[in-house]
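Undergrad: Following is a predicted model, sequence given first.
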Amino acid sequence: MKNPKEFVQENPINWYPGHMLKAKKELTARLKQVDVVLELRDARIPMASVNKDFEEILKQKKRIVLLNKTGLADEDITKSWRAYFKKNKIACHFMDVKKNQGMQQILPIARSMMQEKWQRFQKKGIRPPALKLMIVGIPNVGKSSLINKLVKRHAAATGPNPGVTQRQEWVRLGKDVELLDTPGILWPKFENPETGMALAITGAIKDRITGEERLCHFLIQYHIHHYPRILQTYYQLNDGCSTPEETLASIGQKRGCLKTGGEVDIPRTAKLLLRDFRAGKLGRVSFEKPKEESVSRGMTKADRD
Ligand SMILES: Nc1nc2c(ncn2[C@@H]2O[C@H](COP(=O)(O)OP(=O)(O)OP(=O)(O)O)[C@@H](O)[C@H]2O)c(=O)[nH]1
Ligand SMILES: [Mg+2]
């Protein structure tokens, strides 16, 4: 059986629809009006979720990097990422919007970044303007969910598929904070096939681009290599499944995803497996571990290759 790395080499994935280029232009145009940018990345794929175009666009801007969905990521691997970021002096914060973790620090950090500028206003006896935050990131990473949590109401549309937010939208938080929600943005060509698959499996790319079955085959292979007990335990599978195809069929059988006539409904099973995985029902999984080259992948403000 191929390992997950070999598997992703076939048919590299790319997804850069016209609305993303438009969204990138609009983001660039709006930048002057915002004080601090909150850039969301996915804690399960800290490298693949770095959009290098942001590095270019945001380089002069005050920015807070947030690694979201920590609750879905492998705890041990997250620990090594924390150590890695500390060692390389890369400022970023782990959080989970769904679990309400790590979010309390965001506004105080953003305010502290504005202190110098605000003091200049205060010296002149002028009340500082509202703090304007722009939330950016890859699709489906939790930007709109973060806004809703911060303002404690359903102000921005959210959903399980990428591409929910179609245009920029300001949301107010009291008198002195304004948050700008933006559409998720990827970049024209992924530098390697693993990046495309990492983005696709974690939900940043529409499933129909990769195909649900192919995503599941990768997911199963990845589990067999890195988390061999997870699928067996969750779906109570027999030890006999050796290929991704057999495993997927077995899951369908166990879950009763059958067509009339009793044959396993593979497309329906693939949807079910992806839904279970993305809801975190199977277990906590990360797709990238820190390596020395992570820094050159765009982990710092300054570095570009
Ligand atoms: N488990 C978990 N799920 C999250 C978290 N944050 C967001 N989600 C879920 O991720 C999905 C996408 O959330 P959105 O807030 O719509 O993401 P977005 O970045 O605004 O997406 P686009 O507008 O499509 O770019 C939703 O199903 C959320 O419930 C998190 O921290 N943990
Ligand atoms: Mg959104």
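TA: Here it is on my side, so go on. Numbers count the residues shown, from 1 in each chain. Ligands and ions are numbered 1, 2, ... in the order given.

Undergrad: from here on, contacts and neighbour counts on C-alpha atoms
TA: Noted.

Undergrad: mind listing what's buried in stretch 195-213?
TA: By neighbour count on 16 or more other C-alpha atoms under 10 Å, the buried set for stretch 195-213 is 195-207, 210, 212-213.

Undergrad: meant to ask about stretch 38-54, not that
TA: Neighbour-count burial for stretch 38-54, counted by 16+ other C-alpha under 10 Å, picks out 38-52, 54.

Undergrad: Out of those, the closest to ligand 2 would be?
TA: For those, the closest approach to ligand 2 (C-alpha to the ion) belongs to residue 40, at 11.3 Å.

Undergrad: mind checking the SS state of residue 135?
TA: At residue 135 the chain is in strand, as set by DSSP: H, G, I helix; E, B strand; the rest coil.

Undergrad: Spatially nearest residue to it (excluding sequence neighbours)?
TA: residue 38 (4.8 Å; C-alpha to C-alpha, 6 or more residues apart in numbering).

Undergrad: hang on, the earlier thing: so which of the buried residues of stretch 38-54 are in helices?
TA: Using DSSP state H, the members of the buried residues of stretch 38-54 that fall in helices are 52, 54.

Undergrad: any idea of the pLDDT on the closest residue to ligand 2 within the stretch 151-300 of the chain?
TA: Here the residue of the stretch 151-300 of the chain nearest ligand 2 is residue 165; by C-alpha to the ion that distance is 4.0 Å. Residue 165 is assigned 98 on the pLDDT scale.

Undergrad: The closest residue to it other than its chain neighbours and residue 155, how far apart?
TA: Nearest in space to residue 165, with sequence neighbours left out and distances taken as C-alpha to C-alpha, 6+ apart, is residue 183 at 4.8 Å. For residue 183, the distance to residue 155 equals 15 Å [C-alpha to C-alpha, to the nearest Å].

Undergrad: So if I had to pick from these two, which one is more boxed in?
TA: More crowded of residue 183 and residue 155, by other C-alpha atoms under 10 Å: residue 183, with 27 against 17.

Undergrad: Can you name the two of the buried residues of stretch 38-54 that sit furthest apart?
TA: Greatest spatial distance among the buried residues of stretch 38-54 (C-alpha to C-alpha): 44 and 54, at 19.3 Å.

Undergrad: Close to ligand 2: what parts of the stretch 1-150 of the chain are there?
TA: residue 144 (C-alpha under 5 Å from the ion).

Undergrad: ok, residue 238 - contacts?
TA: Going by C-alpha atoms under 8 Å, 6 or more residues apart in numbering, residue 238 touches residue 232.

Undergrad: Near ligand 1, which residues of the stretch 151-300 of the chain? Just list them.
TA: Remark: the part of the stretch 151-300 of the chain in contact with ligand 1 comprises 158, 159, 160, 162, 163, 164, 165, 183, 184, using C-alpha under 6 Å from any ligand atom.

Undergrad: which other helices and strands contact the helix ranked longest in the chain?
TA: Assignment by DSSP H gives helix 106-123 as the longest helix of the chain. Contact partners of helix 106-123 among helices and strands, from 3 or more C-alpha pairs under 8 Å, 6 or more residues apart in numbering; DSSP states H and E: none.
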